[in-house]
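>>> Next comes the sequence, and after it the predicted model I'd like to discuss.
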Amino acid sequence: MSTPTPVPASGAHPSPGTTSPGAPSSGATTPPTAAPPSNEAATQAPTGPPSETSAQAPTRLVHTAAALRELPRRSGPRAVVMTMGALHEGHATLVRAARHRVGPQGQVVVTVFVNPLQFGAGEDLDRYPRTLDADVVLAAQAGADVVFAPSVDEVYPGGAPQIRIAAGPMGDLLEGASRPGHFDGVLTVVAKLMHLSAPDIAFYGQKDAQQLAVITRMAADLNFPVEIVGVPTVREDDGLALSSRNRYLSGAERRTALALSAALFAARDRLTAEEALRARAASTGHPVESRSAALAALGEDRAAADAHAVAYAAAGAARGPSVARAAAAVVLEDAASLDPPLTLDYVALVDPSDFTEVPDDHEGEAVLAVAARVGTTRLIDNIRLSFDPHNHPTATARTSPTASTSPTPPTPQGPPGATR
């Protein structure tokens, strides 16, 4: 092993920009490819926001499984954050959540690997941004102890693996239907990286909700001794979910892309309004229909309209899942006529456990997921909704990259079998 070389603290920071077993960033242009250095380097963590890592040793950059195995484990747990590089604030949030969870006695490993198995024909494998130098700087600032950046030959010696992990029925829905074989490639590389990094805990972004679901199911079904933790989506101030692919968007395309998050928030807000009306209808002390008619006769048009809305809610009009679907559809239909247009792939309200569509009388958690193309860039987004007949619906909070650097409490995912 050669003498460790420091990375200058003034190294370029990647622009904010989703998570895959990597995690796709935003920015204006695709940065040049950075070839992995041949040596196993130790990187001095640059000055960053205060965290539990202020006294940690320099972040190490390693490129081989052998070098990773040689690193001593600490007394605390080891966490892994799997990425495809082109790191942004969404990834930094995952690393900070991992650092917070394992504490100063634990160890945080960030993997950087663009996995060819999860890219289909005609997808953006060749142009996917490679920014390793900047990735190491960001990972170090966020609290990583190790960055593991293997080559394709290191992960798949001898070529593409003949034995792969199949994602099963869940892998054929939504993203799996649009990208056949995608989740088989995801699960195969996740399984390999889990074996190579030997973590106790693995952190993934909720932005890739279906990916998180299939990884959680794999860990449970195949008895991986790893706890899978989901971390809320990080968004720009205007609502756009951070993604490494955001950097492909022109200014006009980015404005159109805002329709994805706008559709999700419209569903959430419409659902909240409907449930509020139902709560008022349930609490009124007299027939709401007669109150509406009486107010109209008195010329109280605004109050009458309000009372009519309450009466409409009390009558059992469309509710829950159908309301959410309809509200999102309106926004997405309007976006199809923008310049440039948004080309919808799918919008679906699904059960987070298996990603099948929920019925209109569904109660409990659901994921509203959307995928669309703007120009040549394909984007995905989702929001979690809760349908409770006794309470107002809830949705995951929007996390802004400009908000406090304190990690958002992560959410353990899936069945108990997925936890250590």
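Perfect, thanks for sending it. Residues are numbered from 1 along each chain as shown.
>>> any idea whether residue 381 is helix, strand or coil?
Here residue 381 is recorded as strand under DSSP: H, G, I helix; E, B strand; the rest coil.
>>> Can you tell me, leaving aside adjacent residues, what's nearest to it?
In this structure, residue 381 finds its nearest non-sequential neighbour in residue 260, 4.4 Å apart by Cβ to Cβ, 6 or more residues apart in numbering. Glycine gets a C-beta too; all of them are placed from N, C-alpha and C.
>>> Neighbours of that neighbour, how many?
By the criterion of other Cβ atoms under 10 Å, residue 260 has 27 neighbours.
>>> thought residue 235 was touching residue 258?
No: the criterion here is Cβ atoms under 8 Å, and residue 235 misses it with residue 258 at 10.5 Å.
>>> Between the two, tell me which one has more neighbours.
Using other Cβ under 10 Å as the criterion, residue 235 and residue 258 rank with residue 235 on top: 22 against 18.
>>> Can you tell me who the more buried one pairs with across the strands?
Taking DSSP bridges as the rule, residue 235 bridges to residue 241.
>>> For residue 261, see how far away it is.
The spacing between residue 235 and residue 261, counted by Cβ to Cβ, to the nearest Å, is 7 Å.
>>> hey, what's in contact with both of the two?
Between them, residue 235 and residue 261 share these contacting residues under Cβ atoms under 8 Å, 6 or more residues apart in numbering: residue 241.
>>> Look at the residue nearest to residue 381 and give its secondary structure.
Under three-state DSSP, the three-state class of residue 260 is helix.
>>> if I pick it, what's in contact with it?
If you count contacts by Cβ under 8 Å, 6+ apart, then residue 260 has 240, 241, 342, 370, 372, 379, 380, 381 around it.
>>> Among these, which one sits closest to residue 66?
The closest of the contacts of residue 260 to residue 66 turns out to be residue 380 (Cβ to Cβ; 35.9 Å).
>>> Please give me every residue in contact with the closest one.
18, 175, 207, 208, 260, 369, 370, 371.
>>> Would you map the helices across the protein?
Using DSSP state H, the helices of the chain run over 65-70, 89-102, 132-142, 152-155, 175-178, 182-197, 209-221, 251-283, 288-297, 301-314, 321-335.
>>> Rebuild the ones you listed as JSON lines, extending it with distance to residue 359.
Conversion of the helices of the chain to JSON lines gives the following (distance: least, Cβ to Cβ, whole Å):
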{"stretch": "helix 65-70", "distance to residue 359": "47"}
{"stretch": "helix 89-102", "distance to residue 359": "32"}
{"stretch": "helix 132-142", "distance to residue 359": "41"}
{"stretch": "helix 152-155", "distance to residue 359": "42"}
{"stretch": "helix 175-178", "distance to residue 359": "20"}
{"stretch": "helix 182-197", "distance to residue 359": "25"}
{"stretch": "helix 209-221", "distance to residue 359": "19"}
{"stretch": "helix 251-283", "distance to residue 359": "16"}
{"stretch": "helix 288-297", "distance to residue 359": "28"}
{"stretch": "helix 301-314", "distance to residue 359": "20"}
{"stretch": "helix 321-335", "distance to residue 359": "7"}
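>>> Compare these and give me the one nearest residue 79.
helix 89-102 (3.9 Å).
>>> by how many degrees do the closest one and helix 132-142 diverge?
40 degrees (axes from the mean of the first three to the mean of the last three Cα atoms, to 10 degrees).
>>> What average pLDDT does helix 89-102 get?
Mean pLDDT, helix 89-102: 98.
>>> returning to that earlier point: winner for burial among the helices of the chain?
Most buried of the helices of the chain, by mean neighbour count (mean count of other Cβ atoms under 10 Å): helix 89-102, with a mean of 27.
>>> Could you name the helices and strands sitting against that helix?
strand 78-83, strand 107-112, helix 132-142, strand 201-205, strand 227-231 (3 or more Cβ pairs under 8 Å, 6 or more residues apart in numbering; DSSP states H and E).
>>> quick one, it and strand 201-205 angle?
With the same axes, to 10 degrees applied, the angle from helix 89-102 to strand 201-205 works out at 150 degrees.
>>> contacting residues around the residue nearest to residue 375 when sequence neighbours are not counted?
The spatially closest residue to residue 375, leaving aside those adjacent along the chain, is residue 253, at 4.7 Å (Cβ to Cβ, 6+ apart). The neighbours of residue 253, taking Cβ under 8 Å, 6+ apart as the test, are 340, 374, 375, 377.
>>> roughly how far apart are residue 253 and residue 236?
14 Å.
>>> just residue 176 next, same as before
Separation of residue 176 from residue 236 (Cβ to Cβ): 28 Å.
>>> Residue 150 now?
Residue 150 is 31 Å from residue 236, by Cβ to Cβ.
>>> Also residue 259?
Remark: distance between residue 259 and residue 236 (Cβ to Cβ) = 14 Å.
>>> Kindly report the same for residue 66.
Relative to residue 236, and taking Cβ to Cβ, residue 66 is found at 40 Å.
>>> burial measure for residue 237, as a count.
Count around residue 237 with other Cβ under 10 Å applied: 10.
>>> Which pLDDT value belongs to it?
Residue 237 is assigned 94 on the pLDDT scale.
>>> same check, this time on residue 121
83.
>>> Might one say that residue 207 is in contact with residue 93?
No: the criterion here is Cβ under 8 Å, and residue 207 misses it with residue 93 at 10.6 Å.
>>> what's the overlap in contacts for these two?
With Cβ under 8 Å, 6+ apart as the test, residue 207 and residue 93 both reach residue 234.
>>> Pull up the gap between residue 117 and residue 126, please.
In terms of Cβ to Cβ, residue 117 sits 15 Å off from residue 126.
>>> Looking at the two, which one has more neighbours?
residue 117 (21 against 8).
>>> what number of residues lie near residue 75?
Number of residues near residue 75 (other Cβ under 10 Å) recorded here: 7.
>>> how about it, what does it touch?
residue 105.
>>> Next one, pLDDT for it please.
Per-residue pLDDT puts residue 75 at 94.
>>> cool, residue 392 as well?
Value for residue 392, per-residue pLDDT: 47.
>>> same deal with residue 339?
pLDDT recorded at residue 339 is 97.
>>> show me the contacts for it.
Counting by Cβ under 8 Å, 6+ apart, residue 339 has contacts 252, 256.
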